[in-house]
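Trainee: no sequence on this one, just coordinates:
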């Protein structure tokens, strides 16, 4: 989608793109470089979700894309993924308690809003469990 | 007044650049995979996932390195059929490492991102009403991420288990243009065959290659006398009548296949001496021979 300033016949430039606090609408502001005229594109919830579903960042990407970022961010009830290092560390836990430890750490990660279980998350969870 | 095509760029988001970056990642991953086949069916319930899993096992038994992408986002069952539902995908260097199942088959599935039990795939969204307006984009986006972000490593074969429906393969082909073709699974019934033919015509019209047809549930071997009997009326007509698309093989029905799927064990390795397992092995041989005749790969 592109925006054109009709009066100047000039392509408009993106100034700002932001989600509303409820996450149900996108506000994208464009400006004409010649006459400074501004317009805002406001999306409804379905349009917002459609844009999010495409896996692109309106306003441009500021950080490199993470593996399965969109799926993990939008899939309800997605389990956090373990890094290989964290998984290796878990394998050192005795087998008979490993499932319980895994569940506790994943619960801790979910409560903290973490989508990844790293060694740092494991340390946090362990101190929280009084271990 | 300027039109859309007169204006370069999109004003700042560079959406096309973001898409191009993801496609470049996908091409890099897929460059390590020699052959990529989508397994599709026009109708549901014809045993497509069973065929995918057992073809993968048959290819692995023949010494190939094999992966399966379970592209059935809402009804994933490959992880169950390979007995790896209790495992999770892991974050590796710059991507996600697939789970390794029996015979070294690598698996990626939505199921491996969800907690156990019968948790359905539900997308977080501002509104769950009118999901049809964005659901297709969400599912295609998920498949695009799986293709771009999975660390398959070097594979001889990647099988992609698609959900049922004639449109699924051409749609998937847009996400993976390097796909070598579709293996179409059907059963010997008139209704299924009509949909298969429709699916093949649609794929060919949209320039998506069809590799061959596998007829599942093609007869039933009597446990008492060993004779092969028809399961469906009208059996024996049909599959050859699909012009330009070879029949790769016919798999007779065997009740142990279902049991193996439920237990997470590839039937083809657990019951290798049965007619059904031998039929699947022969299909794997035919696929390997046709690929060898093509040469190259990747």
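Mentor: It's in. Keep in mind that this is a model prediction, so the values were computed, not measured. Numbering: from 1, shown residues only, chains lettered A, B, ... in the order given.
Trainee: show me where the chain has its strands.
Mentor: Assuming you mean chain A. With strands called from DSSP state E, chain A shows them at A:4-5, A:10-11, A:13-19, A:26-31, A:38-42, A:81-83, A:116-117.
Trainee: hm, I was asking about chain B
Mentor: Under DSSP E, chain B gives strands at B:33-40, B:66-70, B:90-92, B:95-97, B:99-100, B:106-108, B:155-161, B:181-186, B:210-221, B:228-229, B:247-253.
Trainee: could those strands go into a markdown table alongside mean neighbour count and distance to chain A?
Mentor: Yep, even glycine has a C-beta here, placed from its N, CA and C like the rest. What follows is these, written out as a markdown table (neighbours: other CB atoms under 10 Å in any protein chain shown; distance: least, CB to the nearest CB, whole Å):
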| stretch | mean neighbour count | distance to chain A |
| --- | --- | --- |
| strand B:33-40 | 24 | 18 |
| strand B:66-70 | 26 | 13 |
| strand B:90-92 | 21 | 5 |
| strand B:95-97 | 21 | 5 |
| strand B:99-100 | 18 | 12 |
| strand B:106-108 | 26 | 10 |
| strand B:155-161 | 24 | 16 |
| strand B:181-186 | 27 | 24 |
| strand B:210-221 | 22 | 28 |
| strand B:228-229 | 14 | 44 |
| strand B:247-253 | 23 | 32 |
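Trainee: mean pLDDT added to those strands, as JSON lines?
Mentor: What follows is the strands of chain B, written out as JSON lines (pLDDT from 0 to 100):
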{"stretch": "strand B:33-40", "mean pLDDT": "96"}
{"stretch": "strand B:66-70", "mean pLDDT": "98"}
{"stretch": "strand B:90-92", "mean pLDDT": "87"}
{"stretch": "strand B:95-97", "mean pLDDT": "93"}
{"stretch": "strand B:99-100", "mean pLDDT": "96"}
{"stretch": "strand B:106-108", "mean pLDDT": "98"}
{"stretch": "strand B:155-161", "mean pLDDT": "97"}
{"stretch": "strand B:181-186", "mean pLDDT": "94"}
{"stretch": "strand B:210-221", "mean pLDDT": "91"}
{"stretch": "strand B:228-229", "mean pLDDT": "80"}
{"stretch": "strand B:247-253", "mean pLDDT": "93"}
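Trainee: quick one on the thing from earlier: can you list the strands of chain A in CSV and add mean pLDDT and distance to chain B?
Mentor: Output for the strands of chain A, formatted as CSV (pLDDT from 0 to 100; distance: least, CB to the nearest CB, whole Å):
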stretch, mean pLDDT, distance to chain B
strand A:4-5, 96, 6
strand A:10-11, 96, 4
strand A:13-19, 92, 3
strand A:26-31, 95, 6
strand A:38-42, 96, 11
strand A:81-83, 88, 5
strand A:116-117, 88, 6
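Trainee: show me chain A divided up by domain.
Mentor: Chain A breaks down into these domains under automatic domain parsing: A:4-63, A:81-128.
Trainee: now do the end-to-end distance for the shortest one.
Mentor: Distance across domain A:81-128, first residue to last, is 20 Å (CA to CA, to the nearest Å).
Trainee: so what's residue B:241 scoring on pLDDT?
Mentor: Residue B:241 is assigned 59 on the pLDDT scale.
Trainee: mind naming the longest helix for chain A?
Mentor: For chain A, the helix that runs over the most residues, judged by DSSP state H, is helix A:98-111.
Trainee: where does chain B have its least confident helix or strand?
Mentor: Ranked by mean pLDDT, DSSP states H and E, the weakest helix or strand in chain B is strand B:228-229, scoring a mean of 80.
Trainee: next one: residue B:32 from residue B:67, what distance?
Mentor: Per CB to CB, to the nearest Å, residue B:32 is found 10 Å from residue B:67.
Trainee: which neighbours do those two share?
Mentor: Counting by CB atoms under 8 Å, 6 or more residues apart in numbering or on different chains, the contacts common to residue B:32 and residue B:67 are B:152, B:155.
Trainee: hmm, back to that, among the strands of chain A, which comes closest to residue B:132?
Mentor: strand A:26-31 (20.0 Å; CB to CB).
Trainee: need the strands of chain A in JSON lines with mean neighbour count and distance to residue A:72, can you?
Mentor: Listed next are the strands of chain A as JSON lines, based on neighbours: other CB atoms under 10 Å in any protein chain shown; distance: least, CB to CB, whole Å:
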{"stretch": "strand A:4-5", "mean neighbour count": "20", "distance to residue A:72": "37"}
{"stretch": "strand A:10-11", "mean neighbour count": "18", "distance to residue A:72": "35"}
{"stretch": "strand A:13-19", "mean neighbour count": "16", "distance to residue A:72": "18"}
{"stretch": "strand A:26-31", "mean neighbour count": "19", "distance to residue A:72": "21"}
{"stretch": "strand A:38-42", "mean neighbour count": "13", "distance to residue A:72": "27"}
{"stretch": "strand A:81-83", "mean neighbour count": "23", "distance to residue A:72": "7"}
{"stretch": "strand A:116-117", "mean neighbour count": "22", "distance to residue A:72": "9"}
